[in-house]
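Colleague: prediction below, plus the sequence it came from.
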Amino acid sequence: MADLLVAEGLALALPDFSRRPLLGAAPRVAILRGVSFALGRGEVLGIVGGSGSGKTTLGRCLLRLLEPTGGRVVFDGVDVTHLPEPALGPFRRRAGMVFQDPLSALNPRHTVRRLLLGPVRLHGLPEARAAEALDMVGLPEALMDRYPHEISGGQRQRVGIARAVALRPDFLLCDEVVSGLDLSSQAQVLNLLGGLARELGLALAFISHDLGVVRHLCSRVLVLEGGVVAEEGAVAELFERPRSQATRALLDAIALPDPDQVW
């Protein structure tokens, strides 16, 4: 499997304004400390870790929403780490993101139609892509003229996914996209993402703090702790033989049934 996305020694340090002195610049705090991995076409990778582990920051560096202070990001053979914004157009079309909270990620003043047509028009693609994307995520065309507050949370998340896949990206980053949904909606969105990854040949990175969700969707897992890779491996191997304390802590946090044998 050819690597589509490669991260090499990614590092990021950000100012800590809470400790800024009266005079002078705020001290910088290291968020990422040399993260390396590769993601192939059609592969689904889980990026997991506890709060403050750096997983969301890593995702934003991969998409160049944040510019790393060290290391590099190579996408389909092109180093995009320090490309100026005007030169990032082709990368922006081929790499999409689905955010955690669709209600804040979707403009409440825009209808679903306008939300889907915006990126399609921006990149000069056929407007039919909008309706096709809505159909791909299993939503009826009747939703086109509704506003985000007029549809359910699961439907809003599907609209967010449709907006991303309307551009036919090669890489899709999903950041905690099911954490705010009920169990039924979670299962629907996870099955949808898995199906889209297979159908479109997407390289999919799925950020989560929940290894139970990752086990359902992903084939490989990257465990972050304190901005470094604590462990990486196949899902089955990681569940059976966790090597790091960070992984064991995440496994212990999974809610598993404990049936009463007498009952």
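Modeller: Received, thanks. Numbering: from 1, shown residues only.
Colleague: show me where this structure dips below the pLDDT cut-off.
Modeller: For the chain, the stretches with pLDDT under 70 are 1, 255-263.
Colleague: who's in contact with S184?
Modeller: Contacts were defined as CB atoms under 8 Å, 6 or more residues apart in numbering; by that measure S184 touches G154. The way it works is simple: take the backbone N, C-alpha and C, and place the C-beta from them, glycine included.
Colleague: gap between it and S208?
Modeller: 18 Å (CB to CB, to the nearest Å).
Colleague: does R93 belong to a helix, a strand or coil?
Modeller: At R93 the chain is in helix, as set by DSSP: H, G, I helix; E, B strand; the rest coil.
Colleague: now do the strands in the stretch 151-263 of the chain.
Modeller: In the stretch 151-263 of the chain, the strands defined using DSSP state E, counting those that start in this stretch lie at 171-175, 203-208, 220-225, 228-234.
Colleague: does the nearest residue to F17 once chain neighbours are set aside belong to a helix, a strand or coil?
Modeller: The shortest distance from F17 to any non-neighbouring residue, by CB to CB, 6 or more residues apart in numbering, is to A26 (4.9 Å). Put simply, A26 is coil when judged by three-state DSSP.
Colleague: begin at 35 from now on, thanks
Modeller: Fine by me, first position is 35 from now on; the one you just mentioned is A60.
Colleague: max-length helix in this structure?
Modeller: When the chain is parsed with DSSP state H, its longest helix is helix 217-234.
Colleague: could I get the buried residue list for that helix?
Modeller: Buried residues in helix 217-234, counted by 16 or more other CB atoms under 10 Å: 219-220, 222-224, 226-228, 230-231, 234.
Colleague: which residues does the closest residue to T91 other than its chain neighbours contact?
Modeller: Distances taken as CB to CB, 6+ apart place I65 nearest to T91, at 4.9 Å, with adjacent residues excluded. I65 makes contact with 46-48, 88, 91, 261, according to CB under 8 Å, 6+ apart.
Colleague: L46 too?
Modeller: Contacts of L46 (CB under 8 Å, 6+ apart): 64-66, 91, 95, 100, 102-104.
Colleague: that one bridge partners, please.
Modeller: L66 (DSSP bridges).
Colleague: and if you look at V257?
Modeller: Beta-bridge partners of V257, counted by DSSP bridges, are V82, E265.
Colleague: roughly how far apart are it and S242?
Modeller: 11 Å.
Colleague: any shared contact partners between the two?
Modeller: Joint contacts of V257 and S242 (CB under 8 Å, 6+ apart) are V82.
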